[in-house]
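> Here is my input, please return the structure:
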Amino acid sequence: MNTDITALTCFTLSTTAQVAHLVLNKPEALNTMHPTFWRELDAVLAHLHQAGEARALVISSTGKHFSAGMALETFGGAITMDDQSPEGRAAIFDLLTDMQATFTRLENLRIPVIAAIHGGCIGGAVDMVTAACIRYATQDAFFCIQEINIGMVADVGTLQRLPKLIPLGVMKELAYTGRRLGAAKAQGYGLVNEVFDTQETMVAAALQCAQEIASKPPVAIWGTKQAIHYARDHSVEDSLRQMGWLQGAIWSNQHVRESVTAMKQKRAGNFPALTPLQRFSDSAG
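Reported below is the predicted structural model:
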């Protein structure tokens, strides 16, 4: 089922000066995650990826908490986890693979993603923000791997991405105990780039960072994100080889000249947008 991104119910989406801003907007429900949330997020990310108009994405939220994670009632109704047969348990794998793919869209998005986090970032919300490129937080923000507190293993990305962001011993402590990690300690461990006094100053800083990113050649930003993520999961030798192929594919003398000229003239550079994508299955023929 296609989702109309002009009629979102869990989010608001705006784009200004080539910066997209996605806001979780169900504060009365603590911005919990349920099937509609998942469908809308998936649709928005697919649109941003394909359109190529936005050059950076900021994700922020409303209300008391960034997100309280998965809506618990989902497990009792909307999602049925059948543990009574091997066939049912096998289906859990495919269900989780589909859910994981939505947050992986953040990681694979052609543009950088900045998460602006206030209040609680709990359970599934940790899964989501660990897939972002940059994380800002308010002083009152905290992170909690809530799944262990409700008798399950975190399964949508936290246990896979968080060990690459903070020390392994700290990550294990959080995963085993379900304790809260405050913003100050999160910054000290490297999970958070910067901590702000208020949500307003944090979101403003996130948008400013996004605008700075948007002023660079989009294809060079794309290439940089590709190289960083590849290097995270491969050896230095393999990553250097990949870098050679990547640079050979996207190098632009014109972009370099324009960047240098713009710096000398103290003006914004003028760079082409990423090419819009079209799914092969949507093509005529």
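> Could you identify the helix or strand that succeeds the helix or strand of the chain with the lowest mean pLDDT?
Counting by mean pLDDT, DSSP states H and E, the chain has its least confident helix or strand at helix 73-76, which shows a mean of 58. Beyond helix 73-76 in the direction of the C-terminus, DSSP states H and E gives the next helix or strand as helix 86-108.
> Return the mean pLDDT over that following helix, rounded to an integer.
Mean pLDDT, computed over helix 86-108, is 89.
> for that helix, packing partners?
helix 35-51, helix 124-129 (3 or more CB pairs under 8 Å, 6 or more residues apart in numbering; DSSP states H and E). From N, CA and C alone the C-beta is placed, and that goes for glycine too.
> just how off-centre is the last one within its chain?
Centroid displacement of helix 124-129 relative to its chain, using CA atoms, centre = their mean, to the nearest Å, is 8 Å.
> Run through who's touching that helix.
Contact with helix 124-129 is made by 31, 33, 59, 66-70, 103, 106, 115, 117, 121, 135, 143-145, 154, 156-158, 161-162, as judged by CB atoms under 8 Å, 6 or more residues apart in numbering.
> So which of those residues belong to strands?
Counting by DSSP state E, the part of the contacts of helix 124-129 found in strands is Ile59, Ala115, Ile117, Cys121, Arg135, Phe143, Cys144.
> ok, which stretches of the chain are helices?
35-51, 73-76, 86-108, 124-129, 158-161, 168-177, 183-189, 199-214, 218-233, 236-250, 253-265 (DSSP state H).
> mean pLDDT for these: which is lowest?
helix 73-76 - the lowest mean pLDDT of those, at a mean of 58.
> Please name the nearest non-neighbouring residue to Phe37.
Sequence neighbours aside, Cys10 is the residue nearest to Phe37 in space, at 4.6 Å (criterion: CB to CB, 6 or more residues apart in numbering).
> contacting residues for that neighbour?
Applying CB under 8 Å, 6+ apart to Cys10 gives the contacts Leu24, Asn25, Lys26, Asn31, Thr36, Phe37, Glu40, Leu41.
> gap between it and Phe66?
13 Å (CB to CB, to the nearest Å).
> Mutual contacts of those two, please.
With CB under 8 Å, 6+ apart as the test, Cys10 and Phe66 both reach Leu24, Asn31.
> number of nearby residues for the nearest residue to Gly157 once chain neighbours are set aside?
Among residues not flanking Gly157 along the chain, Asp127 sits closest, at 4.1 Å (CB to CB, 6+ apart). The burial count assigned to Asp127 is 28, neighbours taken as other CB atoms under 10 Å.
> Look up how far Lys216 lies from Asp127.
Distance, Asp127 to Lys216, by CB to CB: 29 Å.
> same check, this time on Leu72
Noted for Leu72: a distance of 42 Å to Lys216, by CB to CB.
> more crowded one of those two?
Lys216 (17 against 13).
> Quick one: residues contacting that one.
Listed by CB under 8 Å, 6+ apart, the contact set of Lys216 reads Arg55, Ser259, Gly269, Phe271.
> now with 6 Å?
With contact set as CB atoms under 6 Å, 6 or more residues apart in numbering, Lys216 has no partners.
> Out of the contacts of Cys10, who's the most crowded?
Most surrounded of these: other CB under 10 Å gives Asn31, at 27 neighbours.
> wait, isn't that one in contact with Met70?
No. In this structure, Asn31 is not within contact of Met70 by CB atoms under 6 Å, at 11.3 Å.
> for this protein, which residue is closest to the average position?
For the chain, the residue sitting closest to the mean C-alpha position, by CA atoms, centre = their mean, is Ala132 at 3.3 Å.
> What is the burial count for Thr275?
When neighbours are counted by other CB under 10 Å, Thr275 comes out with 10.
> ditto for Asp94
Close neighbours of Asp94, defined as other CB under 10 Å, add up to 9.
> try Glu200
Neighbour count of Glu200, defined by other CB under 10 Å: 11.
> One more: the one 10 residues further on?
Counted by other CB under 10 Å, the residues lying close to Ala210 total 27.
> That one against Val58, yeah?
Yes. Between Ala210 and Val58 there is a contact under CB under 6 Å: 5.1 Å.
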